[in-house]
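[1] structural data only, the sequence is not supplied:
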């Protein structure tokens, strides 16, 4: 198995950027989901209710600060776009804490499961796509660890999918039948909620090894 793709989403709920390499720390890929959308009442807003955000792309600039469609995330132009989508008083806000993630810091998908899904893998919004996986083998992985060089990624459980899978990443058109199909065929779950046991650098093409708990070093929880 190997790393086929790496994705980072500097602005939560917007489209992300595909990377060739990344550094992983305790809170996942550095720079992932460090900015989010809030409405006038400071409630976090996502593309579940405002899918137009999927038409905007978040990335990190050379200085490590998030960009929206190539523009600084604090710029008046970006602020105007956010208010246009959500309403007056909506804004982007920075959050570097663990609570910024809906579940865990990393979402790992496999090429076998994506092939079974049969649609654009971007609908699943993975951080890492692992290639060379046979069919739905990922469903047997919870409780194991992925070893990528010195990086250790713990697998907690399968991700319960939400309505965001129903939106086309390019057109934002909705097809609710896609989400219903995930529940019919996959019990509503695709890809893996993961945490970082040991951080470091990863790159596309790196070998990935699935390790069961008894084979891990004693220092790894």
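    Structure received. Quantities reported herein were computed from a predicted structural model and do not represent experimental measurements.
[2] drop to CA atoms for contacts and neighbour counts, all remaining ones
    Noted.
[3] which regions of this protein lie under the pLDDT threshold?
    213-221 (pLDDT under 70).
[4] domains for it, by residue range?
    2-7+20-28+101-213, 29-97 (automatic domain parsing).
[5] partner strands of the helix or strand harbouring residue 210 and their direction?
    Element membership of residue 210 [criterion: DSSP states H and E] is strand 209-211. With DSSP bridges as the test, strand 209-211 is paired with strand 145-148 (antiparallel).
[6] mind checking how far the strand it pairs with is from the chain centre?
    18 Å (C-alpha atoms, centre = their mean, to the nearest Å).
[7] before we move on, what about stretch 14-23?
    10 Å.
[8] what does that stretch rub up against?
    5-10, 29-30, 47, 53-59, 169, 199-204 (C-alpha atoms under 8 Å, 6 or more residues apart in numbering).
[9] turn the domains of the chain into CSV, columns for distance to residue 14 and mean neighbour count.
    Listed next are the domains of the chain as CSV, based on distance: least, C-alpha to C-alpha, whole Å; neighbours: other C-alpha atoms under 10 Å:
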stretch, distance to residue 14, mean neighbour count
domain 2-7+20-28+101-213, 10, 18
domain 29-97, 5, 17
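[10] and the helices in the protein?
    Under the criterion DSSP state H, helices of the chain are mapped to 76-86, 111-117, 176-186.
[11] contacting residues around the closest residue to residue 25 other than its chain neighbours?
    Once flanking residues are discounted, residue 25 sits nearest to residue 199: 4.7 Å by C-alpha to C-alpha, 6 or more residues apart in numbering. Contact partners of residue 199, counting by C-alpha under 8 Å, 6+ apart, are 23-26, 150-152.
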